[in-house]
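> Turn this into a structure:
(one chain, ligands or ions: 1)
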Amino acid sequence: MTLSEPSAPPLTEVVLEAESLTKHFPVRRRVRDLLSRERRVVHAVDDVNLVLRRGRVTALVGESGSGKSTVARLLAQLYRRTSGDIRLHGESTTVRGGRRFRAYARRVQLTFQDPFASLNPVHTVRYHLTRSLRIHGHGGRTAAELERALHDLLGRVSLTPAERYIDKFPHELSGGQRQRVAIARALGADPEVLLADEPVSMLDVSIRLGVLNLLRDLKERLNLAILYITHDIASARYFADDTLVMYAGRMVEGGDSETVTQRPAHPYTRLLIASAPDPDRIQGSPTDAAAATPEDRGGGEPPSLIDPPPGCRFHPRCPNAMPRCLTALPPRLAVQGEPGHWASCWLYDPENTETPGSAAREVGAVAS
Ligand SMILES: Nc1ncnc2c1ncn2[C@@H]1O[C@H](COP(=O)(O)OP(=O)(O)OP(=O)(O)O)[C@@H](O)[C@H]1O
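Coordinates of the predicted model:
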């Protein structure tokens, strides 16, 4: 008998895909701009590609303002995209309100960072969940069926016994319980995709794990495709199967979570990890020699998205910047020896002849 290489787990069915997804918000014109023909825009999301699969959690990680929530709202079809495509089960989908939006929302649900803001303070848990079940056609035909469906929903998010929570108002619940109600409301649609925008960032550290464990349990029991949006890359390692990293409106790195968080390839991801200590971190990325030093960890500011830098958007902060990073946008490049791991960074161009860090003087603004 010969030992074979461990094979990668079989990829599960793709539910939702984004291709070259782009969103530019118009900037309100100031008086002095009125005569100018130029229409300025915020480049919130540019050319984003992602795939959500059944029974998998994909983390979308990045600093505040990197475009994560805009991606979630585009995928939920709450924003019109500027360009690009969204495909549900392979079918290009654009919906703008009405019955088609409701049919889409039945399959793709979004939960927000602040459950207090998204739950109406004058209504009880029963009201919120009943409304969701009824809108999506899962409220049953009799009062008894509705009651059973409500109890089921509360059971799914571990708010049991249901009687203790069902007639409470949002302000009578803890932050974690409110987020569970918001998740239950999303589950009332019986969706295939859950877009969870910073589901734990407003919760006390002590209860974050419980909510993440709940989401993981739902992924497994309901075979959901979950997009987990977070600025906390350490939680992505713990909770997500795959991790995508965004910087200034663009995707810069992706791969399975263990690889991305333990052997980050893009200098931005390394900086993110360096500023979010993880005691288990293993050093040893392929460009460790040029890895962020304590001095440049977290240094610099993200660029203006109205006038983003040419080339790689990270180059003004990058300790590895080379001359071509200042002018040429790097494509997704495979990280050698790590199947499925990619970075939009010229360091991974096998034909690269430039020296990492050689553009530092030209940039003149490497993090200090
Ligand atoms: N409706 C809007 N009009 C104009 N600009 C917007 C709008 N919504 C978002 N932006 C801008 O788009 C960029 C991306 O914002 P977005 O909220 O998607 O980032 P984020 O990564 O989710 O940040 P956070 O974690 O703080 O929510 C930011 O520069 C933001 O100011």
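> Just the CA coordinates for the helix of greatest length in the chain, please, in CSV.
Among the segments of the chain that qualify as a helix by DSSP state H, the longest is helix 205-222. Only the C-alpha atoms of helix 205-222 are listed here, as CSV (Å, rounded to 0.1, in the frame of the first residue of the first chain):
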residue,chain,number,x,y,z
VAL,A,205,-15.6,40.0,24.1
SER,A,206,-17.0,37.4,26.6
ILE,A,207,-20.0,36.7,24.4
ARG,A,208,-18.5,37.0,20.9
LEU,A,209,-17.4,33.4,20.9
GLY,A,210,-21.0,32.2,21.6
VAL,A,211,-22.4,34.1,18.6
LEU,A,212,-19.6,32.8,16.3
ASN,A,213,-20.1,29.3,17.5
LEU,A,214,-23.8,29.7,16.7
LEU,A,215,-23.1,30.9,13.2
ARG,A,216,-20.7,27.9,12.7
ASP,A,217,-23.4,25.5,14.0
LEU,A,218,-25.9,27.1,11.6
LYS,A,219,-23.5,26.7,8.7
GLU,A,220,-23.2,23.0,9.5
ARG,A,221,-26.8,22.2,10.3
LEU,A,222,-28.4,24.3,7.6
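> Packing partners of that helix?
strand 57-61, helix 175-187, strand 193-197, strand 225-230, helix 233-239 (3 or more CB pairs under 8 Å, 6 or more residues apart in numbering; DSSP states H and E). Bear in mind the C-beta positions are built from the backbone N, C-alpha and C, glycine included.
> Isn't residue 12 up against residue 56?
Yes: Residue 12 lies in contact with residue 56 (CB atoms under 8 Å); the separation is 6.1 Å.
> Next up, the contacts around residue 191.
By CB atoms under 8 Å, 6 or more residues apart in numbering, the residues touching residue 191 are 105-109, 224.
> With residue 86 instead?
For residue 86, the contacting residues are 16-19, 21, 74-75, 77, 92-94, by CB under 8 Å, 6+ apart.
> Between which two of these is the distance greatest?
The largest separation in the contacts of residue 86, counting by CB to CB, is between 19 and 77 at 15.0 Å.
> which of these two has more neighbours?
residue 77 (21 against 14; other CB atoms under 10 Å).
> Could you verify my assumption that the more buried one touches residue 95?
Yes: counting by CB under 8 Å, residue 95 is a contact partner of residue 77 at 5.0 Å.
> shared neighbours of the two, anything?
In contact with both residue 77 and residue 95: 101, 104, using CB under 8 Å, 6+ apart.
> Give me the subset of the contacts of residue 191 lying in helices.
105-107.
> now, which of the residues you listed sits nearest the ligand?
When the ones in helices among the contacts of residue 191 are ranked by distance to the ligand (CB to the nearest ligand atom), residue 105 comes first, at 19.8 Å.
> tally of neighbours for that closest one?
20.
> Can you give me the neighbour number for the closest residue in space to it that isn't next to it in sequence?
Excluding its sequence neighbours, the residue lying closest to residue 105 (CB to CB, 6 or more residues apart in numbering) is residue 189, at 6.3 Å. Using other CB under 10 Å, the number of residues around residue 189 comes to 20.
> got it, and residue 125?
Residue 125, neighbours per other CB under 10 Å, totals 27.
> next one: residue 160
12.
> With adjacent residues omitted, what lies nearest to it?
Closest to residue 160 by CB to CB, 6+ apart is residue 154, at 6.5 Å.
> repeat for residue 359
Nearest to residue 359 is residue 321, by CB to CB, 6+ apart, at 4.1 Å.
> Three-state assignment for the one you found, please.
What DSSP: H, G, I helix; E, B strand; the rest coil gives for residue 321 is coil.
> ok, it touching residue 357?
Yes: taking CB under 8 Å as the definition, residue 321 is a contact partner of residue 357 at 7.0 Å.
> between those two, which one's more packed in?
residue 321 (27 against 17).
> And the more buried one, what's its pLDDT?
Here, the pLDDT recorded for residue 321 equals 94.
> could you measure it against the ligand, distance?
Counting by CB to the nearest ligand atom, to the nearest Å, the gap from residue 321 to the ligand is 22 Å.
> Identify the residues contacting residue 192.
15-16, 54, 107-108, 224-225.
> can you check residue 102 too?
135-136.
> cool, and residue 311?
Neighbour list for residue 311: 324-329 [criterion: CB under 8 Å, 6+ apart].
> Repeat that for residue 154.
125, 129, 160, 162, 165-166, 184.
> Assign it to helix, strand or coil.
Per three-state DSSP, residue 154 ends up helix.
> For it, report the pLDDT, please.
pLDDT, read off for residue 154, is 97.
> For residue 177, see how far away it is.
Plainly put, residue 154 is 10 Å away from residue 177 if you go by CB to CB, to the nearest Å.
> Determine the residues that are contacts of both of those two.
Common neighbours of residue 154 and residue 177 (CB under 8 Å, 6+ apart) are residue 165.
> Can you pull the residues of the stretch 51-200 of the chain lying near the ligand?
The stretch 51-200 of the chain has residues 62, 64-70 near the ligand, with proximity defined as CB under 6 Å from any ligand atom.
> Closest one to residue 342 out of these, please.
residue 62 (16.2 Å).
> tally of neighbours for the closest one?
26.
> now do residue 155
Residue 155: 13 neighbours (other CB under 10 Å).
> Surely it and residue 161 touch.
No: taking CB under 8 Å as the definition, residue 155 is not a contact partner of residue 161, at 9.1 Å.
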